[in-house]
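>>> sequence and computational prediction follow.
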Amino acid sequence: MKVEWEDFAKRRRLKLSNFRRTLSYDEYVAWCDRRAVIPVDASVYTDTDSTKQETPLKNDHTPEIEKKPVVYVKKELNKLRKANLLNLATEHGLEVEKSMTKRQLVTLLLNMNN
């Protein structure tokens, strides 16, 4: 039993444009046959209008989101691994070294609360 391409692609989140870039129509048909899928017509596959890349819309009027100050709790920070603490500290622009201990990192992040 063969499945329509539209249903197959929707279920697996596939895009025909990805196949157009890498496979010829004959290769695409062979790919579909191996998976028991009914391929789209050659005219649809080679249609250049649908191969246009979608450009993301730019919205010049996006409001700036205020960053709320982050308040860290010592108990929660102690549960994190050292690598996660290093990432948090670097995200906030703090100068850290890999040689710092976990306790030093927690103290550094807690000092941000003040």
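Great, that's in hand. Numbers count the residues shown, from 1 in each chain.
>>> quick one, what contacts the residue nearest to residue 33 when sequence neighbours are not counted?
Spatial nearest neighbour of residue 33, excluding adjacent residues (CB to CB, 6 or more residues apart in numbering): residue 39 at 7.9 Å. Backbone N, C-alpha and C define where each C-beta goes, glycine included. Contacts of residue 39 were listed using CB atoms under 8 Å, 6 or more residues apart in numbering, and they are 5, 28-29, 32-33, 45.
>>> can you do 6 Å?
Taking CB atoms under 6 Å, 6 or more residues apart in numbering, we find residue 39 in contact with 5, 29, 32.
>>> again with residue 37
By CB under 6 Å, 6+ apart, the contact list for residue 37 reads 3, 5, 8.
>>> circling back: closest to residue 77 among the contacts of residue 39?
Among these, residue 5 lies closest to residue 77 (CB to CB), at 51.0 Å.
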